[in-house]
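>>> mind looking at a prediction? Sequence and model below.
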Amino acid sequence: MPDPAIRVSGLRKVYRGRSGPVTAVDGIDLEIGRGECFGLLGPNGAGKTTTVEILEGLNEPTSGEVEVLGLRWSADEKAIRERIGVTLQETRLPDKETVREIVRTFRSFYREGLDPEDVIGRVALESKANAFIEQLSGGQQQRLAVALSMVGDPEILFLDEPTTGLDPQSRRQLWDLIRGLGERGRTVVLTTHYMDEAERLCDRVAIVDRGKVIAIGSPAELIARLGGEHVVEFALAGEGPPPPGSDFAGLDSVLAVRDEADGYSLTVAEPHRAIPALLDALDRIGRPMARLTTRHVSLEDVFVSLTGRHLRDDETGERAPAPRRGRRRRG
Amino acid sequence: MADGGARTRGRRTDPPHGPNMLQNSPLFQLYATRMRDFYRQPARIFWVYGFPTLLAIVLGTAFQNREAEPISIDLVEGPGASWVDSALGAHNEALARDRVSGLRKDVPEVLLRRAPEAEAIKRLNTGKTPLVIEPKGSESIVYRYDPTRPEAAAARQTVDEILQRARGRKDPVVTSNLPVQERGSRYIDFLIPGLIAVNTMGGGLWGLGFLLVNLRIGKLLKRFVATPMPRRDFLLALLGARLTFLVPDLTVLLLLGTLMFGMPIRGNLGLVILVDVAGALAFAGIGLLVACRTSTTEAVSGLMNLVMLPQWLFSGVFFATDRFPDSAQPFIQALPLTQTAGALRRVILEGAGLVEVAPALAILGAWAVVTFVLALRYFKWT
């Protein structure tokens, strides 16, 4: 990739934990192109936040190289800061400041940047410009946080879990905002544990698990790697122990089978061939079907096929000591 | 891509110049943020201005010149109890007559409670009475009390004097008292400069230390350093806000002292301000140091108590530092609150000049420099 926005190699971060050192980032290599919307997708505690905080110059790597816009944090911190924008996972902005006041304050930090009124307009907070921050809804506060990261008109924008804890409508509003940034040629680096968010917004996605990148590519590429385009999920009714999933592996058009807690999940190339074959097979063993759903393959399936775990299994997925999170959006 | 295509953009605003200077100055914006944050929170205004004012009024009124508090003591029943009872009764009657004409306001009335020995001793041991009188016949008396309790010792002294005189003791020397009521030497005069100093200490610790830790907990500190904001401007804005708040702090208490209690300001008002600013800088440095690496409210509260409590106790805000032993004086004199309160008193009440408070200013300056250097060196921004 010529002249990437971000280049990372051999990135490692080891924290001192209570019971010995804990590796939060375990050798990550990345190149993020200019104008790209790049997603770091992974469960909580996978090391996403630690990674972006190192990229943002807010955390020091234990080892590894980081270049942002061709510059290094050790030598050019000030220059990089002028050219990037950051949204942290949770920032408690002063309650008694108005939207306009805080945007102006942040604008004053940058030598060049956008007009505060313009930024407020872009995040659709014009009607709230004179409202105190404490009067904003969660979605409005999050849009304000994005506005503050845009006000220096950055070339790279870092968004750490921008929609976590928001209602569907607020999420969609933020997605539009982020898509608009991409259209203006900005590089966007986004962390999320929502697969739909990554699929919708990102040109490329790195799936991160336990401090490592376990897959990287466009959402379509990653999904294509599973071989099939569709997932058929079903459960059985009737008496008797459930047959092993491998019984269904040989069915027409079925590429992979996984036993789930409450049924089975088949990756299939063509549902119109796989489903009749499945019904025939159930007829033969005399077990009626309790549930049947089909859907397109998602990044969630990619994650499951790579790790054997679900993205949102937060508790089981949590291992690395995620840096302290804000109160409101914990959990 | 250096500064080619992607950085040509229409709606950029120009670098600061002309009337936009303030608008685009991080120092000004951060300072204005602090000001707004303060005046938009009425509760905070009460604790900063209302509380010390109330405290001064309550303490000032409580210690104003008035009749001495009566002494309540226990008398053990038995032979000899009645002469003690009647001697003290005679004292109270004489005192009541004198007080009608405004005399002997400094002499206390003595209230007696007659009780069996066991009960009286129990009351003494549980602190319900400071002194127990046990008459042994009509010629001898035993006082039971805890000599380390000042009010018990004073009660014993007063009662003993009344009883000795009742039995005919003649004082070889004629003594008389001239209670001091001079403006500038009353308790309230002593108290007001001390309260100014306490307010200055609170401002540095709450207004900087506690605030910074809260900004760190809310990740706002981290959010700020993720921008090109000059850290120097951030700290200067906080310090500027602190010094600005000093003006109403000082005005409120000085006005209260002079207008309500008639406290004199004998020294130069400019010097009063200079001493207060020096104190504020020392406490700002301490506040910064307290907040240096602390990242929980509990930890910062503990640290602040550790800093403030010894100073409240030892720095002579509510009573003079001379009461502590000589061996403790170097420690007490090194405390910034001692120096701030002491220098303010010398300027306000004694009319001291710059030369006389120079040592105090030097000690406060040293506190400020050392704490700032240490705090900035170890300050955790992220």
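Cool, got the structure. Residues are numbered from 1 along each chain as shown, chains lettered A, B, ... in the order given.
>>> burial of whichever residue of chain B sits closest to chain A, as a residue count?
Relative to chain A, the nearest point of chain B is B:G218 (2.9 Å; CB to the nearest CB). All C-beta spots, glycine's among them, are computed from the backbone N, C-alpha and C. Applying other CB atoms under 10 Å in any protein chain shown, we find 18 residues neighbouring B:G218.
>>> then A:D259?
Neighbour number of A:D259 under other CB under 10 Å is 12.
>>> ok, A:A220 next?
Around A:A220 there are 9 residues (other CB under 10 Å).
>>> look up how far A:H296 lies from it.
11 Å (CB to CB, to the nearest Å).
>>> with B:S140 instead?
In this view, B:S140 and A:H296 are 107 Å apart by CB to CB.
>>> go on, B:G204?
For B:G204, the distance to A:H296 - CB to CB - is 61 Å.
>>> who has more neighbours, these two?
Between B:G204 and A:H296, B:G204 has the larger neighbour count (other CB under 10 Å), namely 27 against 11.
>>> name the helix or strand for that one, please.
Taking DSSP states H and E as the definition, B:G204 sits inside helix B:187-204.
>>> go through that helix and flag the buried ones.
Buried residues in helix B:187-204, counted by 16 or more other CB atoms under 10 Å in any protein chain shown: B:187-204.
>>> what helices or strands is it leaning on?
Where contact means 3 or more CB pairs under 8 Å, 6 or more residues apart in numbering or on different chains; DSSP states H and E, helix B:187-204 is packed against helix B:51-62, helix B:231-255, helix B:261, helix B:269-290, helix B:297-314, helix B:336-350.
>>> return the most buried member of the ones you listed.
For the helices and strands packed on helix B:187-204, the largest average neighbour count (mean count of other CB atoms under 10 Å in any protein chain shown) is found in helix B:336-350, namely a mean of 25.
>>> buried residues in the helix or strand just after it?
Sequence-wise, the next helix or strand downstream of helix B:336-350 (DSSP H and E) is helix B:354-378. By 16+ other CB under 10 Å, the buried positions in helix B:354-378 come out as B:357, B:360-361, B:363-364, B:367-368, B:371-372, B:375.
>>> next: stretch A:62-70.
A:64, A:66-69.
>>> end to end, how far does stretch A:282-295 reach?
21 Å (CA to CA, to the nearest Å).
>>> can you check stretch B:126-140 too?
First residue to last in stretch B:126-140 (CA to CA) measures 26 Å.
>>> what sits up against it?
With CB atoms under 8 Å, 6 or more residues apart in numbering or on different chains as the test, stretch B:126-140 has contacts from B:71-76, B:78-81, B:83-84, B:113, B:117, B:120-121, B:123-124, B:141-146, B:149, B:151-152, B:155-156, B:159.
>>> B:F379 contacts B:L289, doesn't it?
No. Contact criterion CB atoms under 8 Å: B:F379 and B:L289 do not qualify, at 9.0 Å.
>>> show me where the stretch 151-300 of chain A has its strands.
A:156-160, A:187-192, A:204-209, A:212-217, A:230-236, A:254-260, A:263-268, A:289-296 (DSSP state E, counting those that start in this stretch).
>>> enumerate every residue touching residue 296.
If you meant another chain, say so; for now it's chain A. A:H296 touches A:223, A:229-231, counting by CB under 8 Å, 6+ apart.
>>> the chain in question should be chain B.
Per CB under 8 Å, 6+ apart, neighbours of B:T296: B:213, B:217.
>>> A:S218 too?
Contacts of A:S218 (CB under 8 Å, 6+ apart): A:202-205.
>>> tell me the mean pLDDT over stretch A:101-118?
Average pLDDT, stretch A:101-118: 95.
>>> distance between the ends of that stretch?
14 Å.
>>> ok, residues contacting that stretch?
By CB under 8 Å, 6+ apart, stretch A:101-118 touches A:82, A:93-94, A:97, A:100, A:119-120, A:129, A:133, A:144, A:147-148, A:150-153, B:11-13, B:15, B:23-26, B:28-30, B:32-33, B:36, B:224, B:227-229.
>>> quick one, which of these are buried?
Taking 16+ other CB under 10 Å as the criterion, what is buried in the contacts of stretch A:101-118 is A:82, A:93-94, A:97, A:100, A:119-120, A:133, A:144, A:147-148, A:150-153, B:13, B:24-26, B:28-30, B:32-33, B:224, B:227-229.
>>> dump the strands of the stretch 151-300 of chain A into a markdown table; add mean pLDDT as well.
Compiled in a markdown table, the strands of the stretch 151-300 of chain A are given as follows (pLDDT from 0 to 100):
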| stretch | mean pLDDT |
| --- | --- |
| strand A:156-160 | 94 |
| strand A:187-192 | 93 |
| strand A:204-209 | 92 |
| strand A:212-217 | 92 |
| strand A:230-236 | 89 |
| strand A:254-260 | 85 |
| strand A:263-268 | 88 |
| strand A:289-296 | 88 |
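>>> find the residue at the geometric middle of chain B.
Most central in chain B under CA atoms, centre = their mean is B:V317, positioned 4.1 Å from the mean C-alpha point.
>>> got the contact list for the nearest residue to that residue once chain neighbours are set aside?
Closest residue to B:V317 apart from its sequence neighbours, by CB to CB, 6 or more residues apart in numbering or on different chains: B:G194 at 3.7 Å. Residues in contact with B:G194, defined by CB under 8 Å, 6+ apart, are B:316-318, B:341, B:344-345.
>>> so how far is the next helix or strand after the helix holding B:G204 from its chain's centroid?
Going down the chain from helix B:187-204, the next helix or strand is helix B:211-217, by DSSP H and E. Relative to its chain's centre, helix B:211-217 lies at 26 Å (CA atoms, centre = their mean, to the nearest Å).
>>> swap in stretch A:298-308?
Worked out by CA atoms, centre = their mean, stretch A:298-308 lies 14 Å from the chain centre.
>>> near chain B, which residues of the stretch 151-300 of chain A? Just list them.
Within the stretch 151-300 of chain A, the positions lying close to chain B (CB under 8 Å from any CB of the partner chain) are A:152-153, A:155, A:185-186.
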